[in-house]
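K.L.:
A predicted structure for the sequence below; I have some questions about it.
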Amino acid sequence: MLNGLQPWHLIILVLLVVLLFGAKRLPDAARSIGKSMKIFKAETKDLREDGTATEPDTKQITTSEGTTATASTASTGSTAGPADDQVAQLQRQLDELKRQQAAEKADQAHKHAS
């Protein structure tokens, strides 16, 4: 008997995922993962570059609700290194995304309750 993954295994896995999460929530989850990956790639690219810009580097992030958030990656002028500043910036962006997702879940719960 083969221990490999058969095509029918994948079909069952996809059906289970759709049943557990619902077909409506899967595209939203994929979209938010894609946005997170885009932000992560941009920040890792910035980490690799050693350029020291004196003016703030701002990025605009569009949420699924259509609102735009601006994130600044400029150094705060503290004694922390550029890597520490970027880690702090990533943490702020992560916190903002968590707040947005919590707000979206609350909106969806409110819609379902109506």
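P.N.:
Good, I have the coordinates. Numbering: from 1, shown residues only.
K.L.:
alpha carbons only for contacts and neighbour counts from here, please
P.N.:
Noted.
K.L.:
buried sites along the helix or strand containing residue 97?
P.N.:
Assigned by DSSP states H and E, residue 97 belongs to helix 82-113. Going by neighbour count (16 or more other CA atoms under 10 Å), the buried part of helix 82-113 is 82, 85, 86, 89, 90, 93, 97.
K.L.:
quick one: which of those is nearest residue 22?
P.N.:
Proximity of the buried residues of helix 82-113 to residue 22 was ranked by CA to CA; the top entry is residue 97 with 21.8 Å.
K.L.:
Before we move on, what's the pLDDT of that closest one?
P.N.:
We have a pLDDT of 89 for residue 97.
K.L.:
now do residue 32
P.N.:
According to the prediction, residue 32 has pLDDT 91.
K.L.:
Name the helix or strand of this structure that has the lowest mean pLDDT.
P.N.:
When each helix and strand of the chain is scored by mean pLDDT, DSSP states H and E, strand 68-72 comes last, with a mean of 52.
K.L.:
Could you measure from the one residue sitting closest to the centre of the chain over to residue 92?
P.N.:
Taking CA atoms, centre = their mean, the centroid of the chain lies closest to residue 36, which sits 2.4 Å from it. From residue 36 across to residue 92, the span is 13 Å (CA to CA, to the nearest Å).
K.L.:
Check residue 23 too.
P.N.:
Applying CA to CA, the value for residue 23 to residue 92 is 31 Å.
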